[in-house]
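> Provide a 3D model corresponding to the input given below.
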Amino acid sequence: MAYAQKCMNCRPQDMSQPYDSPVMYETVMKDVKIIHHQLESKPEHAVKAEADLGSVEAALDYGLRLRTGYDCPPNRVLDRRYLALVALDTDAPALLRFTGHCALIEWYTDCKTNFRSCYLQATAWHANEPVKLVPKKSAPGALFFAQNIMIPQSEAPGVLLICDFSIRKYGERWQNKMLKSKENR
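All right, here's what the predicted structure looks like:
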């Protein structure tokens, strides 16, 4: 159930219906069944092999499995690696990239110790990307980040200017890293 919850929290949300409406409940239950079937149909080693061969769908699946410990031991470092492959693959469909970025928002904001400034920069960049990829849908991760991290952090003077500069620099660095990674494949 944790896998399904993480997966659904990272997908674009259609907020045309109230969140607690019967229609939304039916949609969520249908999605949970689909996700459960997906998990049961492929073992972890098969998903990892596909992800390592370049499948962005499998990379997202494997990253979320590593995140939740479904059918494998949880691994925070590898989880981030596979989710970044999805979010930063410019050839991947926008909805998959959206989901990857939102999953990374959660990864950065779910640190158990001190929320480092580099995490703030990375999260701000990842929160901005889903909004650009799928502009008419709500990005739950971006909304969570804005409400629970940015608003409290923005009370310090000059923070927003620093964040804007950091978002640009972080994005440039990741784009360059992904281009090099694709060239080495």
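
> residues contacting Gln38?
If a contact means C-beta atoms under 8 Å, 6 or more residues apart in numbering, then Gln38 has Asp61 as its contacts. C-betas here are computed from N, CA, C, even on glycine.

> Chain neighbours aside, what residue packs nearest to Val28?
With sequence-adjacent residues excluded and distances taken as C-beta to C-beta, 6 or more residues apart in numbering, Val28 is closest to Met8, at 6.8 Å.

> scratch that, Cys72
Per C-beta to C-beta, 6+ apart, closest to Cys72 is Glu44, 4.5 Å.

> so the one you found sits right up against Leu66, yeah?
No: using C-beta atoms under 8 Å, Glu44 makes no contact with Leu66, being 9.0 Å away.

> one step back: how about the secondary structure of the residue nearest to Val28?
Here Met8 is recorded as helix under DSSP: H, G, I helix; E, B strand; the rest coil.

> Surely Asn9 is in contact with Ile105?
No: counting by C-beta under 8 Å, Asn9 stays clear of Ile105, with 9.9 Å between them.

> So between these two, which is more surrounded?
It is Ile105, of Asn9 and Ile105, that has more neighbours when counted by other C-beta atoms under 10 Å, with 30 against 16.

> Mutual contacts of Asn9 and Ile105, please.
Taking C-beta under 8 Å, 6+ apart as the contact rule, the neighbours common to Asn9 and Ile105 are Gly141.

> which residue is nearest the middle of this structure?
By C-alpha atoms, centre = their mean, the chain has its centre lying nearest to Ala103, at 2.0 Å.

> I'd say that one and Tyr62 touch.
No: using C-beta under 8 Å as the test, Ala103 is too far from Tyr62 to be in contact (11.6 Å).
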